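In: Kindly generate the corresponding structure for this input.
(chains A and B, ligands or ions: 2)
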Amino acid sequence: MKNIWLMTFYTLRESISKKVFIAFSIFVLLMLVGVFFAASSNFGETLKQNPQDFHRMMIFFKMGAANFVLSFGFLLSIFACASFIPSLLEKGTIDLFLSKPISRAQLLFGKYLGGLLIFFIHIFVLICGIWLIAGLKFGDWDFSFLPLLLSSLFYFAILNAVLLLFGVLSKSSGTSMMFAYLLMFVSPLLANRQQFFFFLQGKETLKAIVDGIYYVLPKLHEIQNIPKMLALGEGKIELQILISSFLFLLVVIYSGFYLFEKEDY
Amino acid sequence: MNIIEIENLSKTFSTFFGKKTVTALTNVSLSIEQGTIFGLLGQNGAGKTTLIKVLLGIVYPTSGSCKMFEEDFTNIHLKKRIGFLPENHKFPNYMTGKEVLTFFGKLSGLENLHLTKRIDEMLELVQMTKWSKSKIKTYSKGMMQRLGLAQAMLNNPDLLFLDEPTDGVDPIGRKEIRNVLLALKEEGKTIFLNSHLLSEVELITDRVAVLHKGKIIREGNVHELTDKKEEYKIVVDAELDFLLDAIIKEKYTLQKVSSSTYLIRVDENRTVNDFVDHLRNKGVSIKEMAQEKNSLEDVFISLVQAEEKNS
Ligand SMILES: Nc1ncnc2c1ncn2[C@@H]1O[C@H](COP(=O)(O)OP(=O)(O)OP(=O)(O)O)[C@@H](O)[C@H]1O
Ligand SMILES: [Mg+2]
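Out: Ligands and ions are numbered 1, 2, ... in the order given. Just a heads-up that it's a prediction; the model follows:
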């Protein structure tokens, strides 16, 4: 356990020294300032003038602001965390780590957690910041917004696992970034695949394949919508979404660990 | 006691699809005794680094077995007793020397209190105290190497693997490192050394093995390998060519090296005494005399050349 924590701390240190941590922090703070001004504008006034719709409007305001920032936040965090595994695997570095009394699994897991921690610190500040702004400006201290913290963490845990697997496979941060981005962009397309099926009329096998891909890949798009659905009490949350995404996460992480364990360096 | 015991170790690297393979080690068997300095010699690509990496679990062997400290080498806890200086090691360049040592010291399982003291000692030993607060990216090659050594010795290991430790270190630094290694040996530590600097290896190692294309072609005591030749170098103050009697010329083969220096070859069962007596009788004064030796380099080159011819 101590070893894992050491590696996590080392990863945090690495990101601070490479300035990506600071850049990420500045981004989050700027975004919070933006949200603050949005809340102070006329839009904030209209919110107050519709007391019957207040709760709903507040949810839209907070979720909208958070999801807007997060869409960039995920891109940024992929960028920030993609180099962690490849930098560990560099010739002359990995030899040193592997000669220490720490298992390969601990090494990798520490790095993985490091990425999650960096993401969590920023997202925590962002979401709590938005929650505070909403509370202070509109007196809305509703907690139903906070599950977004968990869903975002789950979302990034999946992306970070992809970075881990492709980092081990390719030893290149560029390649692992490409795969993580691909997964992010493909997810909303697959979620709305029914709309595209219009173009695939008569091609049933193709439709089945697209369906299959949808069920195998993690449902990032849907995961990010869950907190909003919960807060509004609208729509039905499919358990399948959580289970299949979680399975994907496990399989990807396990594959990464397995390949790392077998590899000669 | 044998600290390291390797039996029939082989390693074949294969690419992802297993099409192209490189055989780095073939049936290597070695044992290394505690409290000795062992030198592994071999040309580039002979498999020296691979052998160390196998022992440390960085590379997996294809077949064969190894024991360290009389335990199976895959036991991760053994690494607490091991130090390693990899070739061309890279430390995180945003850290200072001291931070690097702190981090790797903790990873080796050292406790904070003990660690700080130990770091200062090691920095002093490799003479890097002055640079300990500078970032790694400002270090010269020799400084990196010194810090690497400090890192390898930090956990006071019983077994030290050094892959070309004096690479890039200046002559004075090299001598200091040799002295440090000899002092460690005095303490009963075992040192496994890969090096191309044969004159240096000759100075400190007890045993050496020569690796050629993954096979051990010779192993032995340094003294056995660099045995003395039945040949003496002699420096005198006169031209010997016309001075010596025929009897002496028959007994010894004389070769002129320069105007006053000669090489005398002696038969196996004869000493050089007669020759010296003869010179003294003739009134020649002997300025210098020494038995000639095969250097480790001579031995290495002839071994490798013989092996190349055979194959
Ligand atoms: N990870 C690897 N994958 C494939 N081949 C490898 C790998 N590591 C080493 N080799 C091959 O194994 C052989 C032995 O390499 P090794 O690094 O052990 O040589 P060396 O004796 O240390 O050489 P040098 O004196 O140059 O350091 C070489 O042919 C090398 O190409
Ligand atoms: Mg080498």
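In: can we go C-alpha only for contacts and neighbour counts from here?
Out: Noted.
In: Residue in the stretch 201-311 of chain B with the shortest distance to chain A?
Out: residue B:214 (17.1 Å; Cα to the nearest Cα).
In: mind listing what the closest residue to that residue other than its chain neighbours touches?
Out: Leaving aside its sequence neighbours, residue B:214 sits nearest to residue B:25 (Cα to Cα, 6 or more residues apart in numbering or on different chains; 3.9 Å). Shown in contact with residue B:25 (Cα atoms under 8 Å, 6 or more residues apart in numbering or on different chains): B:9, B:10, B:11, B:12, B:47, B:50, B:51, B:213, B:214, B:215.
In: Buried ones among those residues?
Out: Neighbour counting over the contacts of residue B:25 (16 or more other Cα atoms under 10 Å in any protein chain shown) leaves B:9, B:10, B:11, B:47, B:50, B:51, B:213, B:214, B:215 as the buried ones.
In: what's near enough to touch the second one?
Out: With contacts defined as Cα under 8 Å, 6+ apart, residue B:10 is in contact with B:23, B:24, B:25, B:26, B:27, B:28, B:61, B:62, B:63, B:64.
In: residues touching the first one, list them.
Out: Contacts for residue B:23 (Cα under 8 Å, 6+ apart) come out as B:10, B:11, B:12, B:13, B:214.
In: Quick check: strands, which of the contacts of residue B:25 are part of them?
Out: B:9, B:10, B:11, B:12, B:215 (DSSP state E).
In: which SS state does the residue nearest to the fourth one when sequence neighbours are not counted fall under?
Out: Take residue B:12 and drop its neighbours on the chain: the residue closest to it by Cα to Cα, 6+ apart is residue B:23, 4.3 Å away. Three-state call for residue B:23 (DSSP: H, G, I helix; E, B strand; the rest coil): strand.
In: Please apply the same query to the one 5 residues further on.
Out: Residue B:28 falls in the strand class when you classify it by three-state DSSP.
In: any idea how far it lies from residue B:309?
Out: 21 Å (Cα to Cα, to the nearest Å).
In: neighbour count winner among those two?
Out: More neighbours surround residue B:28 than the other of residue B:28 and residue B:309, with 19 against 7 (other Cα atoms under 10 Å in any protein chain shown).
In: how about the more buried one, what does it touch?
Out: B:6, B:7, B:8, B:9, B:10, B:214, B:215, B:216.
In: Now tabulate these in a markdown table and tack on pLDDT.
Out: Formatted as a markdown table, the contacts of residue B:28 follow (pLDDT from 0 to 100):
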| residue | pLDDT |
| --- | --- |
| B:6 | 96 |
| B:7 | 95 |
| B:8 | 96 |
| B:9 | 96 |
| B:10 | 96 |
| B:214 | 94 |
| B:215 | 94 |
| B:216 | 94 |
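In: which among those gets closest to residue A:219?
Out: Distance to residue A:219, by Cα to Cα, is smallest for residue B:10 among the contacts of residue B:28, at 46.5 Å.
In: give me the beta-bridge partners of the closest one?
Out: Note on residue B:10: beta-bridge partners by DSSP bridges are residue B:63.
In: Would you mind naming what in chain B lies close to ligand 1?
Out: B:13, B:22, B:24, B:42, B:43, B:44, B:45, B:46, B:47, B:48, B:49, B:50 (Cα under 6 Å from any ligand atom).
In: Run through those and flag the ones next to chain A.
Out: Among those, no residue lies close to chain A (Cα under 8 Å from any Cα of the partner chain).
In: Which of those are buried? Put it as a PyMOL command.
Out: Selecting the buried subset of the residues of chain B next to ligand 1 in PyMOL, with 16+ other Cα under 10 Å as the burial test, is done by:
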select buried, chain B and resi 13+24+42+43+46+47+48+49+50
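In: List just the nearest of the residues of chain B next to ligand 1 to chain A.
Out: residue B:13 (8.5 Å).
In: So which residues on the stretch 51-200 of chain A come close to chain B?
Out: A:91, A:92, A:93, A:95, A:96, A:98, A:99, A:100, A:101, A:102, A:103.
In: do that again at 10 Å, thanks
Out: Contacts of the stretch 51-200 of chain A with chain B, taken as Cα under 10 Å from any Cα of the partner chain, map to A:87-88, A:90-104.
In: ok, of those, which come out buried?
Out: The buried subset of these - by 16+ other Cα under 10 Å - is A:87-88, A:92-104.
In: tell me the two of those that are most distant?
Out: A:87 and A:101 (19.8 Å).
In: Retrieve the pLDDT associated with the residue nearest to residue B:12.
Out: Residue B:23 carries a pLDDT value of 93.
In: where's it relative to residue B:185, distance?
Out: Residue B:23 is 33 Å from residue B:185, by Cα to Cα.
In: circling back: can you lay out the contacts of residue B:10 as TSV showing distance to residue A:112?
Out: Converted to TSV, the contacts of residue B:10 look like this (distance: Cα to Cα, whole Å):
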residue	distance to residue A:112
B:23	34
B:24	33
B:25	34
B:26	37
B:27	39
B:28	38
B:61	28
B:62	30
B:63	33
B:64	34
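In: residues in contact with stretch A:256-265?
Out: A:89-92, A:94-95, A:98, A:103-109, A:161-169, A:250-252, A:254-255, B:13, B:50, B:53-54, B:57-61 (Cα atoms under 10 Å, 6 or more residues apart in numbering or on different chains).
In: Keep only those of those that are in strands.
Out: Per DSSP E, the contacts of stretch A:256-265 map to strands at residue B:13.
In: What residues of the helix or strand that contains residue A:27 count as buried?
Out: Secondary structure from DSSP states H and E places residue A:27 in helix A:20-40. For helix A:20-40, the neighbour count (16+ other Cα under 10 Å) marks A:20, A:21, A:24, A:25, A:27, A:28, A:29, A:31, A:32, A:35, A:36, A:39 as buried.
In: Also stretch B:70-77?
Out: Buried-residue list, stretch B:70-77, by 16+ other Cα under 10 Å: B:73, B:74, B:76.
In: Between those, which sits nearest residue B:238?
Out: residue B:73 (62.9 Å).
In: In terms of helices and strands, where is the residue lying closest to residue A:36 once chain neighbours are set aside?
Out: Excluding the flanking residues, the one nearest residue A:36 by Cα to Cα, 6+ apart is residue A:133, at 6.4 Å. Per DSSP H and E: residue A:133 is located in helix A:104-138.
In: Now do the SS call for residue B:157.
Out: coil.
In: sorry, back to before: considering the contacts of residue B:10, which is situated nearest to chain A?
Out: residue B:61 (9.3 Å).
In: got a list of what that closest one touches?
Out: So residue B:61 contacts A:264, B:9, B:10, B:11, B:12, B:13, B:25, B:50, B:51, B:53, B:54, B:55 (Cα under 10 Å, 6+ apart).
In: Just the residues contacting the lowest-mean-pLDDT helix or strand in chain B, thanks.
Out: Scoring the helices and strands of chain B by mean pLDDT, DSSP states H and E places helix B:246-251 at the bottom, with a mean of 74. Applying Cα under 10 Å, 6+ apart, the contact partners of helix B:246-251 are B:241, B:254, B:265, B:266, B:267, B:270, B:274, B:275, B:278, B:279.
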